[in-house]
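Undergrad: Fold the following for me, if possible:
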Amino acid sequence: MGTLYRRGTRAMNDVVVAHAVENLTLHELKLFIRLLYRSSLTARSDLLFVFPSKTTAFDNAILQENDSFSKLVTQYGEKLSGNESSQSQSGFDPTHFMKVGKESREPIWGKKSRGNFSEEFETELTRPSYGSVVGFEVEELDPENSLSGFLDHVPMSLRRWACYPMLLGRVRRNFKHVMLVDIKEMLLLGDPLGRVRGQSPESVLVKVVTQLGKHGRKSPEKNRQKLAHPGIVMGGSRGVRRVSNAMLTDIVRASMQHKKKSPVTESGLFNQLIGNDFVLKNVNLIVSTESMPEVSSLVGSNRKTGSYLFTTNYTMIRRGNSNLDVSSMVMKHICSFPIDSMVYSDC
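TA: Numbers count the residues shown, from 1 in each chain. Just a heads-up that it's a prediction; the model follows:
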């Protein structure tokens, strides 16, 4: 079941489950993957995609980004072995992906390897270290479209919650920490899971954002509403499973109650759930009010190059509703560096 795009070098303790909504574009997918790969997160995590349906263009984009990432690690790894600076101003640090010594645990995805892993840039002390990349269609995880009996149309934002019981249930003994993330809405620049690694298995962290008014404008201060954002949920595997199961139950309950009334919305249900202490009594819920900015709020004097993304201390940001061509700005910055410009074919 699923498509293995890349087999990692070892078994990971964490997993990122990234879901795609129906209107996700190819450029949005590529930017999400590219920034994620350049962060340190995949040095400690497997990456699982959940798609409404698989397309050849998406498959090719993932494989292309995998290839570019491997070349990036190789090129910067060779530079590192030559005692040159390990990190470029482009924001890529290969030391995250170098593991000292040998690993005994095999990745859970794909066939077991035979013999020792070897790469051109591997030395006696270090070896490349990164997670597996696997893709699933919703039909594989929710074959009967279990919410279709309650809703006339089941958008991916709701159906994804019906996929998690099977997916997270199958890997519950393999991963200690889980992140659920919306590919279209979020960009991961660092390792947000660092916030929850020291917490209990029942811990779940959600982020609160300011509700925008009409036309994307912020409401007056006194009328602004803080809402938990369903596009990013992370924590111990046990806690995330409990939240996802509770969310699925709430979707079913709400759809039955609102069959002929107001439509069921993911954000509304998610915030009702987060505010229900009784339902989540077995979850150690952490509601973070720390700023999670949109791309547009970070744009300053470097907006033409996109370097603002690589100089921020944020581990995640929201794309938001800005008309900025983020992909072009980021690539203009990345392509200004010799190694990066050789690695990425679209430079």
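Undergrad: Please enumerate the helices of the stretch 151-300 of the chain.
TA: Assigned by DSSP state H, counting those that start in this stretch, the helices in the stretch 151-300 of the chain fall at 156-170, 237-257, 266-274, 295-298.
Undergrad: Compare the mean pLDDT across these and name the weakest.
TA: Taking each of those in turn, the one with the lowest mean pLDDT is helix 295-298, at a mean of 76.
Undergrad: Tell me which residues are up against the strand or helix carrying E140.
TA: Taking DSSP states H and E as the criterion, the element that holds E140 is helix 138-141. Judged by CB atoms under 8 Å, 6 or more residues apart in numbering, the contacts made with helix 138-141 from elsewhere in the structure are 1-2, 50-53, 145, 156, 159-160, 162-164, 166-167. Placement of C-beta: from N, CA and C, glycine included.
Undergrad: with those residues in mind, which one is nearest to L188?
TA: Nearest to L188 among these: V50, at 16.0 Å, using CB to CB.
Undergrad: what stretches of the protein score poorly on pLDDT?
TA: Regions of the chain meeting the criterion pLDDT under 70 cover residues 81-91, 100-104, 113-126, 211-224, 258-262, 299-306, 322-323.
Undergrad: can you do 80?
TA: Low-confidence regions of the chain, defined here as pLDDT under 80, cover residues 1, 78-91, 99-104, 112-127, 210-225, 258-263, 291, 296-312, 320-324.
Undergrad: residue ranges of the strands in this protein, please?
TA: For the chain, applying DSSP state E gives strands covering 3-6, 14-19, 45-51, 98-100, 126-128, 133-137, 177-182, 186-188, 203-210, 226-236, 284-288, 316-318.
Undergrad: Can you tell me the strand partners of the longest one and which way each runs?
TA: When you say that, I think you mean strand 226-236. The pairing partners recorded for strand 226-236 under DSSP bridges are strand 177-182 (antiparallel), strand 203-210 (antiparallel).
Undergrad: can you list the helices of the stretch 151-300 of the chain in JSON lines and add distance to S132 and mean neighbour count?
TA: Written out in JSON lines, the entries for these read as follows (distance: least, CB to CB, whole Å; neighbours: other CB atoms under 10 Å):
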{"stretch": "helix 156-170", "distance to S132": "14", "mean neighbour count": "20"}
{"stretch": "helix 237-257", "distance to S132": "17", "mean neighbour count": "20"}
{"stretch": "helix 266-274", "distance to S132": "28", "mean neighbour count": "18"}
{"stretch": "helix 295-298", "distance to S132": "29", "mean neighbour count": "16"}
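Undergrad: So for V208, which of these sits nearest?
TA: Across those, V208 has its closest neighbour in helix 266-274 (9.1 Å, CB to CB).
Undergrad: do you know which of the strands of the chain lies nearest P107?
TA: Each of the strands of the chain has some distance to P107 by CB to CB; the shortest is strand 45-51, at 7.6 Å.
Undergrad: Output the contacting helices and strands for that closest one.
TA: For strand 45-51, the contact count by 3 or more CB pairs under 8 Å, 6 or more residues apart in numbering; DSSP states H and E identifies strand 14-19, strand 133-137, helix 138-141, helix 156-170 as packing neighbours.
Undergrad: Which parts of the second one count as buried, going by neighbours?
TA: Judged by neighbour count using 16 or more other CB atoms under 10 Å, the buried positions of strand 133-137 are 133-137.
Undergrad: Then stretch 335-342?
TA: Taking 16+ other CB under 10 Å as the neighbour-count basis, stretch 335-342 is seen to contain the buried residues 335-337, 339-340.
Undergrad: V171: which of these is nearest?
TA: Set against V171, the nearest of the buried residues of stretch 335-342 by CB to CB is D340 (33.1 Å).
Undergrad: Would you agree that closest one is in contact with I334?
TA: Yes: here D340 reaches I334: they are 4.8 Å apart, a contact under CB atoms under 8 Å.
Undergrad: Off-centre distance for stretch 173-190?
TA: Here the centre of mass of C-alpha atoms in stretch 173-190, compared against the chain's by CA atoms, centre = their mean, to the nearest Å, lies 3 Å away.
Undergrad: Need the distance between the two termini of it.
TA: The first residue of stretch 173-190 is 25 Å away from its last residue (CA to CA, to the nearest Å).
Undergrad: what's the answer for stretch 324-342, then?
TA: Taking CA to CA, the first and last residues of stretch 324-342 lie 26 Å apart.
Undergrad: roughly how far is that stretch from the heart of the chain?
TA: What separates the centre of stretch 324-342 from the centre of its chain is 21 Å, taken as CA atoms, centre = their mean.
Undergrad: cool, and stretch 95-112?
TA: 21 Å.
Undergrad: What of stretch 199-211?
TA: Between the centre of stretch 199-211 and the centre of its chain there are 15 Å (CA atoms, centre = their mean).
Undergrad: Dump that stretch to CSV, restricted to CA.
TA: Only the C-alpha atoms of stretch 199-211 are listed here, as CSV (Å, rounded to 0.1, in the frame of the first residue of the first chain):
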residue,chain,number,x,y,z
GLN,A,199,6.7,16.2,26.3
SER,A,200,4.6,13.1,27.2
PRO,A,201,3.2,10.8,24.5
GLU,A,202,-0.2,12.2,25.2
SER,A,203,0.9,15.8,24.5
VAL,A,204,-0.5,17.7,21.5
LEU,A,205,0.5,21.2,20.4
VAL,A,206,-1.8,23.4,18.4
LYS,A,207,-1.1,26.9,17.1
VAL,A,208,-3.4,29.9,17.5
VAL,A,209,-3.7,32.6,14.8
THR,A,210,-5.6,35.8,14.5
GLN,A,211,-8.8,35.6,12.5
